[in-house]
Each structure stands twice: as structure tokens, then as C-alpha cells.
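Visitor: Next come a sequence and a model predicted from it.
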Amino acid sequence: MFILELTYIAPLERVDAALPEHVAWLDAHYAAGVFIASGRKVPRDGGIILAVGEDRSKIEEIVSSDPFSVAGVAEYAVTEFIATKTAQPLEPYRQELPS
């Protein structure tokens, strides 16, 4: 599982201009089963996306295609973690520690 942390590097006016394309990009990755949660940080200086997948390079490829990245209004930090404990609704995403 991955935590994708966006940090805005441009004024909010530029972020807002790219927002409709970013939301469409989010929707596509929700539909593909890659994203399971997302939202703005408080204060509004970026956002967080929870993503599932086994291949970090694929996640980084997805991140680079975000209209926020393409427009140069946000930077990403990608953190991979092993979700060994989850709430019941997230049980399908629970992972085992490697041997």
C-alpha cells in the first residue's frame, strides 16, 4: 500500500485551474481499483491519496501522470507501507509481512 502526499508548489489559483482534470484523473484510478481514499490536507497546502499496488514503479508512473504534476502545481512524496492491520471494511487490503 502507498501513501501519496501532494504538496502544492504553486498559488492556489493555479491549483484550482488544474482541479477538474485532477479530479477526472482521481476518478479513473478509483475506477481501476488503485485509489481507495483521498482528500485535501488541512491547512490546504496539498493532499493525501491512499493507493494499493505491489509495484512502486507503477505507482510512481501514475503519480507522474497527475495533471497537478504535469501542470507543475504539486510535488509528490510516495511512502510504501505494509498494511498488516486494517478496519473491517479494508480487510481486502490487509497484507502479510514478508518472511
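Guide: Yes, it's here. Since the model is a prediction, treat every value here as computed from it, not as a measurement.
Visitor: buried stuff in stretch 71-83?
Guide: 73-74, 76 (16 or more other C-beta atoms under 10 Å). C-betas here are computed from N, CA, C, even on glycine.
Visitor: Next, the distance between the ends of it.
Guide: Its start and end residues considered, stretch 71-83 measures 32 Å (C-alpha to C-alpha, to the nearest Å).
Visitor: List the buried residues of the strand or helix carrying residue 27.
Guide: Per DSSP states H and E: residue 27 is located in helix 12-31. The neighbour-count check on helix 12-31 (16+ other C-beta under 10 Å) flags 14-15, 18, 22, 25-26, 29 as buried.
Visitor: got the contact list for that helix?
Guide: Residues from elsewhere that reach helix 12-31 (C-beta atoms under 8 Å, 6 or more residues apart in numbering): 8, 35-36, 38, 44, 49, 51, 62, 65-68, 71, 73-74.
Visitor: can you dump the C-alpha coordinates of it into PDB?
Guide: C-alpha atoms of helix 12-31 as PDB (Å, rounded to 0.1, in the frame of the first residue of the first chain):
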ATOM      1  CA  LEU A  12      -4.000  28.100  -5.100                       C
ATOM      2  CA  GLU A  13      -5.400  29.900  -8.200                       C
ATOM      3  CA  ARG A  14      -3.200  27.600 -10.400                       C
ATOM      4  CA  VAL A  15      -4.100  24.600  -8.400                       C
ATOM      5  CA  ASP A  16      -7.800  25.300  -8.800                       C
ATOM      6  CA  ALA A  17      -7.300  25.800 -12.500                       C
ATOM      7  CA  ALA A  18      -6.000  22.200 -12.800                       C
ATOM      8  CA  LEU A  19      -8.500  20.800 -10.300                       C
ATOM      9  CA  PRO A  20     -11.100  19.500 -12.800                       C
ATOM     10  CA  GLU A  21      -8.500  17.500 -14.700                       C
ATOM     11  CA  HIS A  22      -7.000  16.200 -11.400                       C
ATOM     12  CA  VAL A  23     -10.500  15.100 -10.200                       C
ATOM     13  CA  ALA A  24     -11.000  13.200 -13.500                       C
ATOM     14  CA  TRP A  25      -7.600  11.600 -13.000                       C
ATOM     15  CA  LEU A  26      -8.600  10.600  -9.500                       C
ATOM     16  CA  ASP A  27     -11.900   9.100 -10.700                       C
ATOM     17  CA  ALA A  28     -10.100   7.000 -13.300                       C
ATOM     18  CA  HIS A  29      -7.800   5.500 -10.700                       C
ATOM     19  CA  TYR A  30     -10.600   4.800  -8.300                       C
ATOM     20  CA  ALA A  31     -12.400   3.000 -11.100                       C
END
